[in-house]
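Enquirer: need coordinates for the following:
(one chain, ligands or ions: 1)
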Amino acid sequence: MTLALDRIAIESVGSDPVALARALLDQLPGLDGRVPIDEIALALDIRSIEIRPLFSIEACLQCDSLKSEGQIVVNARSSPQRRRYSIGHELGHFLNERHRPTSPKGFTCIRQDMVAPRGEERHVREERQANAFAIEVLTPRRLLGRHVTPSADLEHASAIAERFDISREAAVRRYVHCHRDCLAAVFTHDGKIRYVEKPERFPSMVPWTGDQLGPHPAPPRDGSSLSGLDEVHAAGWLTYPDAAQVFAQTLYQQDGHAITLLAVEQDYDAVDKVRDPPRFRR
Ligand SMILES: [Zn+2]
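Expert: Numbers count the residues shown, from 1 in each chain. Purely as a prediction, here's the structure:
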């Protein structure tokens, strides 16, 4: 498939990654599922996409300072789904007028940049923006309705991964941001939290990166990998647990990895009373 895309029209919307992604997707009205990210990049002045074994980085974008054209290199040691995400991420750097190459050769991005960049430095902010662009393009918001409308369930996040050919981890991150319910996702290894993905509206949490996983359902007895969505002790998760119900569902993966979905139902009137109790004259 050869695509014809108008790069100037996309870049004219400015530097907001979501607006850039939307402007790109507006030129692809027929999409329904797997987004052809390779062809999209090649239609937007990316000369080539190479797959090479990379050891210290996850991907890079080679370009001059004017970004007139570029070349993307992705990691042969990563899954095809991760490589698709990396291409989207590098394209996010390429199309964003505010992103300036981090070295004379262009942009080099490590795994942490792609998954959970932390900090407020300019470089880290740009990594977050490249991620926002990548996921917005790879899972167009206009196609997500049927996945994020039913009650919260990691099965539905897995369906996003399959339909759009992205990693389950990226799909879960997308799921908690687009679902109508108040959700967060906790990614763990051997019971320790690798990172938490949560929208701003999700309440303040107690356990964080490096801590032990909070209360969660035990592995199913039938040997399957996905638990039910069970109510757990809110105080094990939330800074202000009063008037809140917390439900957790855990997907037990290979090699000690797990994903726990958290859903919070909160009585907001009661929360205000807890945080700011009425004061009476003595
Ligand atoms: Zn990057």
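Enquirer: my read: Glu126 touches His99, true?
Expert: Yes - Glu126 is within contact range of His99, at 5.1 Å (criterion: CB atoms under 8 Å). For glycine as for every other residue, the C-beta is placed from the backbone atoms N, C-alpha and C.
Enquirer: which neighbours do these two have in common?
Expert: His93 (CB atoms under 8 Å, 6 or more residues apart in numbering).
Enquirer: how near is Met114 to Val137?
Expert: According to CB to CB, to the nearest Å, Met114 and Val137 sit 14 Å apart.
Enquirer: between the two, tell me which one has more neighbours.
Expert: Val137 (28 against 22; other CB atoms under 10 Å).
Enquirer: any idea whether that one is helix, strand or coil?
Expert: helix (DSSP: H, G, I helix; E, B strand; the rest coil).
Enquirer: now do the closest residue to it other than its chain neighbours against the ion, distance only.
Expert: Spatial nearest neighbour of Val137, excluding adjacent residues (CB to CB, 6 or more residues apart in numbering): Ala21 at 4.7 Å. Counting by CB to the ion, to the nearest Å, the gap from Ala21 to the ion is 15 Å.
Enquirer: same thing with Leu20?
Expert: Separation of Leu20 from the ion (CB to the ion): 15 Å.
Enquirer: cool, Gln212 as well?
Expert: In this view, Gln212 and the ion are 31 Å apart by CB to the ion.
Enquirer: show me what contacts that residue?
Expert: Applying CB under 8 Å, 6+ apart, we find Gln212 in contact with 191-193.
Enquirer: switch the cut-off to 6 Å
Expert: Gly191 (CB atoms under 6 Å, 6 or more residues apart in numbering).
Enquirer: which residues does it bridge with?
Expert: In this entry, Gln212 is beta-bridged to Lys192, by DSSP bridges.
Enquirer: check what pLDDT whichever residue of the stretch 151-282 of the chain sits closest to the ion gets.
Expert: Across the stretch 151-282 of the chain, the shortest distance to the ion (CB to the ion) belongs to Ala170, at 14.6 Å. If you check Ala170, the pLDDT there is 97.
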